[in-house]
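Trainee: sequence and predicted model, in that order:
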Amino acid sequence: MDDSTPANSLGAIISNLAVRRFIYSTYVLALLVVGATQVALTSLNLTNPDWLVATLAVLGYLGVPVAGLAVANTSKKAAEAQAQPEATPAAPVPAVTPATQQPQPAPA
């Protein structure tokens, strides 16, 4: 990507959040239904019909533009926040400190 392209211009592909949510939800639901249908038929040792094989191929092909849409509408600020290294954690605190340790009963 060219550095001269403004980051907010990528959201112009489909700027309406409700429309994007509908596209993502519909795609995922279609994948679940068609995938579950294929698993059910295969588990019953039935041959997958041609329409099912074609539908699985089309849904797999549509994964590229749907993922591209998601990436194009991901906030750059959110991506940078995840890329930041985490702060160095403090020294671990022991589960039982010597001051709070209960005396053990003497062996009999």
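Mentor: Happy to help now that I have it.

Trainee: please make it C-alpha for all contacts and neighbour counts, starting now.
Mentor: OK.

Trainee: which stretch of helix or strand covers the closest residue to Val66 other than its chain neighbours?
Mentor: Distances taken as CA to CA, 6 or more residues apart in numbering place Tyr24 nearest to Val66, at 7.2 Å, with adjacent residues excluded. Secondary structure assigned from DSSP states H and E places Tyr24 in helix 17-43.

Trainee: and that helix, what's buried?
Mentor: Under the neighbour-count criterion of 16 or more other CA atoms under 10 Å, helix 17-43 has Arg20, Tyr24, Leu31, Val34, Gln38 buried.

Trainee: output the contacting helices and strands for that helix.
Mentor: Helix 17-43 sits against helix 50-72, with contacts defined as 3 or more CA pairs under 8 Å, 6 or more residues apart in numbering; DSSP states H and E.

Trainee: and the helix it packs on, average pLDDT?
Mentor: Mean pLDDT, helix 50-72: 93.

Trainee: can you state the direction angle for that helix and helix 17-43?
Mentor: Using axes from the mean of the first three to the mean of the last three CA atoms, to 10 degrees, the direction of helix 50-72 lies 150 degrees away from that of helix 17-43.

Trainee: contact partners of helix 50-72?
Mentor: Leu10, Gly11, Ile13, Ile14, Ile23, Tyr24, Tyr27, Ala30, Leu31, Val34, Gly35, Gln38 (CA atoms under 8 Å, 6 or more residues apart in numbering).

Trainee: list the buried residues of it.
Mentor: Quick answer for helix 50-72 (16+ other CA under 10 Å): Leu56, Leu59, Leu69, Ala70, Ala72.
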